[in-house]
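[1] Quick one, structure for this:
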Amino acid sequence: INSMKGDLNLNTVISFITNTNLQHYSGESALSLLSQNTGILLAMFVSSASGYSACMAFCRALCGMQMGNFYEDFTRIITRLMLPLSFILAVIFISEGVVQNYHANFSVLTLENKFQSIATGPVAALESIKHLGTNGGGFFGA
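    Okay, here's the model as predicted:
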């Protein structure tokens, strides 16, 4: 895997941390499986949980209640809402045939007698948090 250029790397980090998820790369070819699982997946959880926490504080303020503790809300949203729901959603995705493995890309012989590379990886895990956290980035560049 070739490393990303500095400006693309900075753009990716900023976009995933701010939950805008502007993706100018193909995840299956530009990032390793480790970077997808540690960097991108963590940023998807943290950015969406911080957005939900800020929204909860804003709603409490509109209702005239105390705004509460951001870190408490942040931790509760990740541990009690996002992790369990994303796990359940990932299991549903896997049962429906979405790829979830840590194998390298493999080649298959097509009907046209040519080889085609098939990208595989932790797609179900990334897609589950993508849908829960309204994230735009994903494993594939499509």
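
[2] Check which helices and strands whichever strand or helix holds residue 57 sits against.
    Element membership of residue 57, judged by DSSP states H and E, is helix 41-62. Secondary-structure packing of helix 41-62 (3 or more C-beta pairs under 8 Å, 6 or more residues apart in numbering; DSSP states H and E): helix 6-17, helix 70-76, helix 123-132. For the C-beta atoms, the positions are set from N, CA and C on the backbone; glycine is no exception.

[3] please redo it, this time with the cut-off set to 6 Å
    Counting contacts by 3 or more C-beta pairs under 6 Å, 6 or more residues apart in numbering; DSSP states H and E, helix 41-62 packs against helix 6-17, helix 70-76.

[4] Compute the inter-axis angle for it and helix 123-132.
    Counting by axes from the mean of the first three to the mean of the last three C-alpha atoms, to 10 degrees, helix 41-62 lies at 20 degrees to helix 123-132.

[5] residue contacts, residue 82?
    Neighbouring residues of residue 82 by C-beta atoms under 6 Å, 6 or more residues apart in numbering: residue 132.
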